[in-house]
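[1] Below are the sequence and a predicted model for it; my questions follow.
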Amino acid sequence: MKSVLITGANKGIGLETAKQLVREGLFVYVGSRDIEKGREVVQEINAQGFENVKAIELDVTNPATLAAAKKVIEEERGHLDVLINNAGISGMVPQSAQETGIDQYKEVFAVNVYGVVSVTQTFLGLLQKSGEPRIVNVSTSVGSLTLQSNPAWPPYDYAKYAVYAASKSAMNMYTVHLAYELRGTAFKVNAVCPGYTKTDFTNYMGGDVEEAGKRIVKYALIDQNGPTGKFFSEESNPETGEIPW
């Protein structure tokens, strides 16, 4: 049975992704900063008849929880097949490139960039023990420099997220470099935008969470012929899914 760790998986898109991967037969570690909330999620999934799931305490900004989570997975599974870096924050909005203070940049980058790097580096060794390791970094189309600078792009004038967008652009660059360094191996590393989705992140506006989950699961389960080092947003490009960085 393949195993997957999903950060920030006790609610929203992370939770939906966990549910879908459980149904796909993977053993899912529900990464949750609040372990009690993670356990509540596990009980919910157990009630649906699935046992291949476990809550694990994981705060992407806390190295001690990362080390402890790694130890648990290493002892129980011996390796990790899929890592989904889903945990993220938007920060207070609106965000202005002219006025938003550096403290808010630090807060958002701590989770969306440094957290992704810390988690990835912590679990890279376990992923290397998998025959088909996959890393999905959950991103957003507003992190695309090409789209965000295009006046013809529909959300062009909806520029409320200077901090959040910058953090996701930085995470995207990390994805590019990671995929490059892992080229020629069995790894597949991609950035995936799940789309504008009805969760507390968006004040419950947008598309269905089930569709968002499917978009992430698709790239978590790609075979050896699948892409790596790419940026996908099926909401922005329904034909091929790929969008420019």
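    Perfect, I can see it now. Only a predicted model underlies this, so the values are computations on that prediction, with no experimental measurement involved.
[2] Give me the below-cutoff pLDDT ranges for this protein.
    Within the chain, the stretches with pLDDT under 70 are 159, 198-207.
[3] Distance check, the spatially most central residue of it against residue 101.
    The residue lying closest to the centre of the chain (Cα atoms, centre = their mean) is residue 86, at 2.5 Å. For residue 86, the distance to residue 101 equals 27 Å [Cβ to Cβ, to the nearest Å]. Where C-beta positions appear, they are placed from N, C-alpha and C, glycine not excepted.
[4] Mind listing the residues bridging to residue 161?
    residue 95 (DSSP bridges).
[5] so it touches residue 142, yeah?
    Yes - with contact defined as Cβ atoms under 8 Å, residue 161 counts as touching residue 142 (5.9 Å).
[6] how about the helices of this structure, start to end?
    For the chain, the helices defined by DSSP state H cover 12-23, 35-47, 63-76, 102-109, 115-127, 145-148, 162-181, 209-220.
[7] Packing partners of the first one?
    What that stands for is helix 12-23. Applying 3 or more Cβ pairs under 8 Å, 6 or more residues apart in numbering; DSSP states H and E, one finds that helix 12-23 makes contact with strand 3-6, strand 27-32, helix 35-47, strand 82-85, helix 209-220.
[8] can you list those in TSV and add mean neighbour count?
    Listed next are the helices and strands packed on helix 12-23 as TSV, based on neighbours: other Cβ atoms under 10 Å:
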stretch	mean neighbour count
strand 3-6	26
strand 27-32	27
helix 35-47	16
strand 82-85	28
helix 209-220	21
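[9] Can you lay out these as TSV showing distance to residue 179?
    Shown next, in TSV, are these (distance: least, Cβ to Cβ, whole Å):
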stretch	distance to residue 179
strand 3-6	19
strand 27-32	22
helix 35-47	29
strand 82-85	13
helix 209-220	12
